[in-house]
Each structure stands twice: as structure tokens, then as C-alpha cells.
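# no sequence for this one, just the structure:
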């Protein structure tokens, strides 16, 4: 099956979105984890900031990443005419 220019543009945008969100995930998980000792020197609501970020903030960040992916992909699907109809 030969892909049209429209299909290639759709997949290019899809891969760009996925790569961007994976970079955000990596930054929030591994890069921030690398600096956990420095983050623990600060406190937030009586807890070390590193603990608070990884116990609460990371979960919120993951939910925001998922919500952003769903919202942007739905818009992208409608723009390129590949959305599914809800009945």
C-alpha cells in the first residue's frame, strides 16, 4: 500500500508528538531523579522537594502527558480525516 503525502504528514506529526512527550517524560523521571539529592535540600509543605516531586508531582505529570496526548491526537485525527465516529 502506497502512502499518500497526507498520510506521511499525519505520521510525521504523530511521531513528533510522541517524541516530544517522551522527552518530557524522560526529563521528569530520569533527569529530575538525577538531581534528587539537590532537590531534597529544599522543602515543600514540610517534605523534602525530591520526595514530594516523585511521590506526587511525577504522577500528576504523567496524567498531564496522557491528557495532552489524547487531546492533541483527537485534534490531529479530525484534521487529517482519520477520526472514528462515536455512536
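Thanks, I have it. For clarity, every value in this text was computed on a predicted model and none was experimentally measured.

# in the protein, which spans are strands?
43-44, 47-48 (DSSP state E).

# give me the mean pLDDT for the last one.
The pLDDT scores in strand 47-48 average 84.

# residue numbering should commence at 19 henceforth.
Renumbered: residue one is now 19, and that last one reads strand 65-66.

# partner strands of that strand and their direction?
strand 61-62 (antiparallel) (DSSP bridges).

# and the contacts of the partner strand?
67, 70 (CB atoms under 8 Å, 6 or more residues apart in numbering). Glycine gets a C-beta too; all of them are placed from N, C-alpha and C.

# distance between that strand and the chain's centre?
When distances are taken as CA atoms, centre = their mean, to the nearest Å, strand 61-62 is centred 25 Å away from the chain's centroid.

# just give the closest residue to residue 79, not the sequence neighbours.
Leaving aside its sequence neighbours, residue 79 sits nearest to residue 46 (CB to CB, 6 or more residues apart in numbering; 4.8 Å).

# what number of residues lie near the one you found?
For residue 46, the neighbour count with other CB atoms under 10 Å is 19.

# rewinding a little: now render the strands of the chain as JSON lines, adding distance to residue 88 and mean neighbour count.
Formatted as JSON lines, the strands of the chain follow (distance: least, CB to CB, whole Å; neighbours: other CB atoms under 10 Å):
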{"stretch": "strand 61-62", "distance to residue 88": "29", "mean neighbour count": "14"}
{"stretch": "strand 65-66", "distance to residue 88": "31", "mean neighbour count": "15"}
